[in-house]
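Asks: Structural data only, the sequence is not supplied:
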């Protein structure tokens, strides 16, 4: 979705899950989060780090995820740049300028806020072979806060395995994870299930839920080519 301006933000988003049951919108929530840095331009050297660190715990948005298409705009294509003109910009201001000035889009899939391009598929590919394990994961609590800025599977896997008490594969240092994208996201208070979804969306991977085991694999599906 392209955001025309911060003042008109709600108009194109009303049909896309912006309003919550409590009547508070995710733009309102992010509009209260200072960017916390004296930045006039968002680019490959600062954007991901600045925005992830600006994200604060709240009751509406539980995670901010840079999907592979979005990070490619910065690190591979090196063409994403956005000018900030506000004297005291917020995280919402950063989202506004990104969606106005780059190919990056924003989609809220409660409770996850996705930054993506048309190349990204917004629904994770999940296979459930053991329903009790899946239900336990949906009830389980993950970490109060986790920030991953360009982190590989060897960083993410031990945290998921330890907190969710699962046989989580590929194992750390396994060559099976070499085709996962590096993970860029911040989360506050996700469930175990939501944490697995977040890892899959950030790493362009899919997962299968078995009895007390979750197996991640590269997601070979493709979105639109640019």
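Replies: That came in fine, so what should we check first? Just so it is clear, the model here is predicted, and its values are computed rather than measured.

Asks: Every contact and neighbour count from this point should use C-alpha atoms.
Replies: Noted.

Asks: Tell me how many other residues crowd the closest residue to residue 179 other than its chain neighbours.
Replies: Distances taken as CA to CA, 6 or more residues apart in numbering put residue 218 closest to residue 179, at 6.3 Å, once the chain neighbours are dropped. Using other CA atoms under 10 Å, residue 218 is surrounded by 17 other residues.

Asks: Would you agree residue 200 falls within a strand?
Replies: No: the assignment for residue 200 is helix, going by DSSP: H, G, I helix; E, B strand; the rest coil, so no strand is present there.

Asks: Identify the bridge partners of the spatially closest residue to it that is not a sequence neighbour.
Replies: Using CA to CA, 6+ apart and skipping residues adjacent in sequence, the residue nearest residue 200 is residue 206, 5.7 Å away. Taking DSSP bridges as the rule, residue 206 bridges to residue 217.

Asks: Now do the contacts for residue 206.
Replies: 124, 125, 126, 200, 216, 217, 218, 219 (CA atoms under 8 Å, 6 or more residues apart in numbering).

Asks: What ranges does this structure have for its helices?
Replies: 10-13, 26-30, 47-54, 68-75, 91-101, 131-139, 153-164, 192-203 (DSSP state H).

Asks: can you redo the ones you listed as a markdown table with distance to residue 37 and mean neighbour count?
Replies: Converted to a markdown table, those look like this (distance: least, CA to CA, whole Å; neighbours: other CA atoms under 10 Å):
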| stretch | distance to residue 37 | mean neighbour count |
| --- | --- | --- |
| helix 10-13 | 26 | 15 |
| helix 26-30 | 15 | 19 |
| helix 47-54 | 7 | 19 |
| helix 68-75 | 19 | 21 |
| helix 91-101 | 11 | 21 |
| helix 131-139 | 35 | 15 |
| helix 153-164 | 26 | 16 |
| helix 192-203 | 24 | 25 |
